[in-house]
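Chemist: model the following, please.
(chains A and B)
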Amino acid sequence: MAKETSTAPTTTVNFITWIKDNLPVVIVTIFSIILFIMIGFEGGPPQLLNVIVTGCMWALLATGLALVFGVMNIPHFAHGESFMVGAYIAYFTFTPLNKIFLATGSKFLIYLGPFLAIIAAGLAGSVLGIIIEKLVFAPLRHRTKEGWIMNAFLLTVGMSFVLTNGTTLAMGPNFRGIPRYFDVPSVEIMGAFIAVDRIVAAIISLVTIGLLWFFLRWTKLGRAIRAVSQDETGAQLVGINLDFIQTFTFSLATGMAAISGASLLFMFQAYPTVGLTPLYFAWYVVMLVGLGNVAGAIVGGFLVALLQSGTQLFIGLSWQSVVPTAIMVLVLMLAPSGIFGSEVKGVQEQ
Amino acid sequence: MLELKNLDSGYDFLQVLWEVSFTVEQGEFVALIGPNGAGKSTTLRTIAGLIKPKGGDILFNGESIKAKAPHLISRMGISYVSEALNLFTDMSVKENLLLGAYAVKEKETQLKTLDYVFELFPRLQERKDQLAGTMSGGERKMLAIARGMMSNPTLMLVDEPSLGLQPNLTYAVFEALLKLRKQGVTILLVEQNVNATLDITDRAYILEQGKIVMSGPSHEMKANDHVRNAYLGI
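Modeler: Numbering: from 1, shown residues only, chains lettered A, B, ... in the order given. You can find the predicted model right below:
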């Protein structure tokens, strides 16, 4: 009722209590704005754009992790392998397609090639997700729920080994990369030259995240996914098919990781352990903002990118993993459930 | 409509129900009464499919449902309002209700039921944009019952709706159940408030230590010596 009597003093008091209640968020927001401005001064527009591109990428990977943890309570340590599979699929789709399209000489087809490769990677990733879920997690889930998080964690680590070594066996340890997707000159933005590939990658991640947000927020299936993450029993009682939702969510997350692997093929070449770095950064993100928090993961992606860029610029390139890790440790000490403090219900329940 | 045949059920190695048999006919309002730990909630959870029975059978409209998954049982028209409520706490009241109608395909039927539910619980309409987790205990109970109604069930299993509610809210909840019953919904009610329950139900079963020990029309049960001693404190 206090809100209705919004005289000047109460508003101030309300504002102060709001800040007190959301202290971590406020500190983080102020800190990020300062860092963003400092990076802008020191590195100029190219660095800022770099932050945005990397941020989109971490956000895309981290939302997948957050979804899988929120809905299925799986700490997914084989998420990087989905990224790797995406990169391979994109490479093996794009290279032959590009040859054929270049031969036709049609501009439209040449520009279409990269998108086809990325879509193919996304589809292949989703199918891989369905196979893994049905083959590994569904049988375990039906057998026992006891010690689920630990078991699921060990399974994903094992899966990561199998997938990386299987890929080494099948493809060899060679790097397979492409110099660029779009063979056009860089675009000038605010006096800086930015490769078109980077811009396209950023747009693809933003569009994917936007679509995911819309899907989770406004569609019936998306609502069912959120329902499962909030209360599994309640979801079953209203007639939601738990198995279907879990397989679907896993496939969605895997597909998104594959899309990010594919759209960054020009930066990360395809090789068996390419997924490790992105996986670690995606984990920094979800630990920073709180496990299972999808909205937080989007913000967190940009936060980690900001930290990385800042470290590169002010401390040195080789420190760019050290500083985010140190900050993550600090956050876990001060706010164990992450800065956006959403407690994950599933963990306590199971 | 619902028939339990020698049902054995429980958790892992702990058997709670021993050869429980009872029936609920179409349109009836039946109470299941018993002391704490007698297995009342276990009975409802087993019917809803959340626990798989160890033996015996559950028939719904003549079809065995004991091996069915919970979501399929829910889609057959059995709605279980659990003691823990199992609401989606980070979603609005309206979203909770719409999820209750998840298995209902036609958008129009959904909205019609929504209107009806709001009419029944005006409080929920006032708070339709509020997060379910921020509501008071009584409101949450109402929401759970309302969500259970959204799938247009033919049988509702209601678990301890008066638990932790102040008396006037308890009556509001009971009134809602009576209204539902008038609509032709069959209700199986588990309650601690034996006195009020026997007043509003048609028949009652008494469950003690996992076994049905007594059954009969509610008004007769109220006059029974054992019931008066053990549950009514007279």
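Chemist: would A:Phe101 count as being in a helix?
Modeler: Yes - looking at A:Phe101 with DSSP: H, G, I helix; E, B strand; the rest coil, it is inside a helix.
Chemist: and it, what pLDDT?
Modeler: Confidence at A:Phe101, expressed as pLDDT, is 88.
Chemist: let me see the ranges of the strands in the chain.
Modeler: No chain was given, so I picked chain A. A:187-189, A:192-194 (DSSP state E).
Chemist: please go with chain B instead
Modeler: B:2-11, B:14-24, B:29-33, B:55-60, B:63-64, B:78-81, B:155-159, B:186-190, B:203-208, B:211-217.
Chemist: adding mean pLDDT, mean neighbour count and distance to A:Phe182, write these out as CSV.
Modeler: (Glycine included, C-beta is placed from N, CA and C.) CSV is the format used below for the strands of chain B (pLDDT from 0 to 100; neighbours: other CB atoms under 10 Å in any protein chain shown; distance: least, CB to CB, whole Å):
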stretch, mean pLDDT, mean neighbour count, distance to A:Phe182
strand B:2-11, 92, 19, 60
strand B:14-24, 92, 18, 65
strand B:29-33, 93, 24, 69
strand B:55-60, 93, 18, 61
strand B:63-64, 92, 10, 60
strand B:78-81, 94, 28, 55
strand B:155-159, 93, 24, 60
strand B:186-190, 94, 24, 65
strand B:203-208, 92, 22, 72
strand B:211-217, 92, 15, 74
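Chemist: of the ones you listed, which is nearest chain A?
Modeler: strand B:78-81 (5.4 Å; CB to the nearest CB).
Chemist: mind listing residues that contact the closest one?
Modeler: A:237, B:2, B:44-45, B:47-48, B:50, B:60, B:65, B:74, B:144-145, B:147-149, B:151, B:153-159, B:161 (CB atoms under 8 Å, 6 or more residues apart in numbering or on different chains).
Chemist: recalculate using a threshold of 6 Å.
Modeler: Where contact means CB atoms under 6 Å, 6 or more residues apart in numbering or on different chains, the residues beyond strand B:78-81 that reach it are A:Leu237, B:Ala48, B:Ala144, B:Ile145, B:Gly148, B:Ser151, B:Pro153, B:Leu155, B:Met156, B:Leu157, B:Val158.
Chemist: between those residues, which is closest to B:Ile212?
Modeler: B:Leu157 (16.4 Å; CB to CB).
Chemist: now do the contacts for the closest one.
Modeler: Neighbours of B:Leu157 in contact, by CB under 6 Å, 6+ apart: B:Leu44, B:Tyr80, B:Leu188.
Chemist: quick check: bridge partners of the residue nearest the centre of chain B?
Modeler: With distances taken as CA atoms, centre = their mean, B:Val158 lies nearest the centre of chain B, 1.4 Å away. B:Val158 has these beta-bridge partners by DSSP bridges: B:Val81, B:Leu189.
Chemist: okay but it is in contact with B:Leu188, surely?
Modeler: No - B:Val158 lies out of contact with B:Leu188 (CB atoms under 6 Å); the separation is 7.2 Å.
Chemist: give me phi/psi at the residue in chain B positioned nearest to chain A?
Modeler: Chain A sits closest to B:Asn86 of chain B, with a gap of 3.2 Å, by CB to the nearest CB. Here is the backbone geometry of B:Asn86 (degrees, to the nearest 10): phi 50, psi 50.
Chemist: and if you look at B:Gln26?
Modeler: phi -50, psi 130.
Chemist: and the residue lying closest to it once chain neighbours are set aside, what does it touch?
Modeler: Among residues not flanking B:Gln26 along the chain, B:Met1 sits closest, at 4.7 Å (CB to CB, 6 or more residues apart in numbering or on different chains). Going by CB under 6 Å, 6+ apart, B:Met1 touches B:Val24, B:Glu25, B:Gln26, B:Thr186.
Chemist: burial check on B:Ala223, number of neighbours?
Modeler: Other residues near B:Ala223 number 10, with proximity taken as other CB atoms under 10 Å in any protein chain shown.
Chemist: do A:Pro336 as well
Modeler: Neighbour number of A:Pro336 under other CB under 10 Å is 10.
Chemist: spell out which parts of chain B neighbour chain A.
Modeler: Contact residues (CB under 6 Å from any CB of the partner chain) of chain B with chain A: B:Pro70, B:His71, B:Ser74, B:Arg75, B:Tyr80, B:Asn86, B:Phe88, B:Asp90, B:Leu99, B:Gly100, B:Tyr102, B:Ala103.
Chemist: which one of those residues sits closest to A:Ala253?
Modeler: B:Asp90 (19.8 Å).
Chemist: excluding covalently adjacent residues, which one is nearest to that closest one?
Modeler: In space, B:Asp90 is closest to A:Gln230, 5.6 Å off (CB to CB, 6+ apart).
Chemist: burial of the one you found, as a residue count?
Modeler: A:Gln230: 23 neighbours (other CB under 10 Å).
Chemist: A:Ala103 now?
Modeler: Counted with other CB under 10 Å, A:Ala103 comes out at 9.
Chemist: and it, how far from A:Phe92?
Modeler: Distance from A:Ala103 to A:Phe92, counting by CB to CB, to the nearest Å: 18 Å.
Chemist: now do B:Thr43
Modeler: 57 Å.
Chemist: what about those two, which has more around it?
Modeler: Neighbours were counted for B:Thr43 and for A:Phe92 using other CB under 10 Å; B:Thr43 has more, 29 against 17.
Chemist: any idea how far the closest residue to A:Pro114 other than its chain neighbours is from chain B?
Modeler: Excluding its sequence neighbours, the residue lying closest to A:Pro114 (CB to CB, 6+ apart) is A:Tyr181, at 3.9 Å. Distance, A:Tyr181 to chain B, by CB to the nearest CB, to the nearest Å: 39 Å.
Chemist: show me what contacts A:Tyr181?
Modeler: A:Pro114, A:Asp197, A:Phe266 are the contacts of A:Tyr181 under CB under 6 Å, 6+ apart.
Chemist: great, nothing more from me.
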